[in-house]
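Enquirer: Coordinates for the following, if possible.
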Amino acid sequence: MIPDEAVAYALAAWKRFDENVSGDLVRAVAGAFVLVAACDGELSKSEANRFLEALGAKADHLSALDFDALSRTFLDLSEAMISDPVDGKRLALANVARVKETREHAELVAGAARIAAFADGRIEAVEEKVMHDIQSELGLKSPK
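Expert: The predicted structure is shown next:
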């Protein structure tokens with residue numbers, strides 16, 4: 001299946017990105033990934049691990065990121081989401097917001113979330129909703 005236009009754009013943007021990656025960018029991407037992983041209901045440890053494995057298969061698309069640091073941060077945020085979904089979502093969105101002042105980073109985070117959402121070859125309505133939440137937190141318009 002061919003990815004939608006927004007996923008293709010996100011993949012190309014990450015491929016071109018070659019700056020030093022800040023801890024804020026890693027935390028923002030991890031926050032976006034947790035929001036995508038948890039968007040269909042409550043997140044479990046096994047679901048978080050499966051999500052991380054699926055992302056590992058896509059790690060070459062996000063090669064600018066330190067995947068070990070991303071994995072650790074994702075698992076930490078997943079634990080927060082599992083123990084308290086409301087506060088976990090707030091914490092994940094706060095991590096996403098760390099990069100909203102840098103438009104290029106904000107677009108990369110939104111793109112990374114879209115890549116994660118499309119990992120199974122399709123984007124569901126609940127994933128579109130969380131993409132809208134992430135883009136709003138970043139001050140970006142939703143793609144149409």
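
Enquirer: the helices in the chain, which residues?
Expert: Using DSSP state H, the helices of the chain run over residues 5-16, 23-38, 45-57, 67-83, 85-96, 103-117, 125-138.

Enquirer: now, of these, which is deepest in the fold?
Expert: Of all those, helix 23-38 has the most neighbours on average by mean count of other C-beta atoms under 10 Å, namely a mean of 26. Backbone N, C-alpha and C define where each C-beta goes, glycine included.

Enquirer: what helices or strands is that one leaning on?
Expert: Counting contacts by 3 or more C-beta pairs under 8 Å, 6 or more residues apart in numbering; DSSP states H and E, helix 23-38 is packed against helix 45-57, helix 67-83, helix 85-96, helix 103-117, helix 125-138.

Enquirer: Can you check what angle separates the shortest one from helix 67-83?
Expert: So the one you mean is helix 85-96. Orientation check (axes from the mean of the first three to the mean of the last three C-alpha atoms, to 10 degrees): helix 85-96 against helix 67-83 gives 150 degrees.

Enquirer: model confidence over helix 85-96, on average?
Expert: Helix 85-96 shows a mean pLDDT of 92.

Enquirer: How far off centre is that helix?
Expert: 12 Å (C-alpha atoms, centre = their mean, to the nearest Å).

Enquirer: Ala80 is in contact with Arg90, isn't it?
Expert: No - here Ala80 lies out of contact with Arg90, judged by C-beta atoms under 8 Å, at a distance of 9.2 Å.

Enquirer: Might one say that Asp24 is in contact with Val99?
Expert: Yes - counting by C-beta under 8 Å, Asp24 does reach Val99; the two are 5.7 Å apart.

Enquirer: coming back round to it: the helices of the chain: lowest mean pLDDT?
Expert: Here the lowest mean pLDDT among the helices of the chain goes to helix 5-16, at a mean of 61.

Enquirer: ok, back up a step: now render the helices and strands packed on helix 23-38 as CSV, adding distance to Glu5.
Expert: CSV is the format used below for those (distance: least, C-beta to C-beta, whole Å):
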stretch, distance to Glu5
helix 45-57, 21
helix 67-83, 25
helix 85-96, 22
helix 103-117, 10
helix 125-138, 14
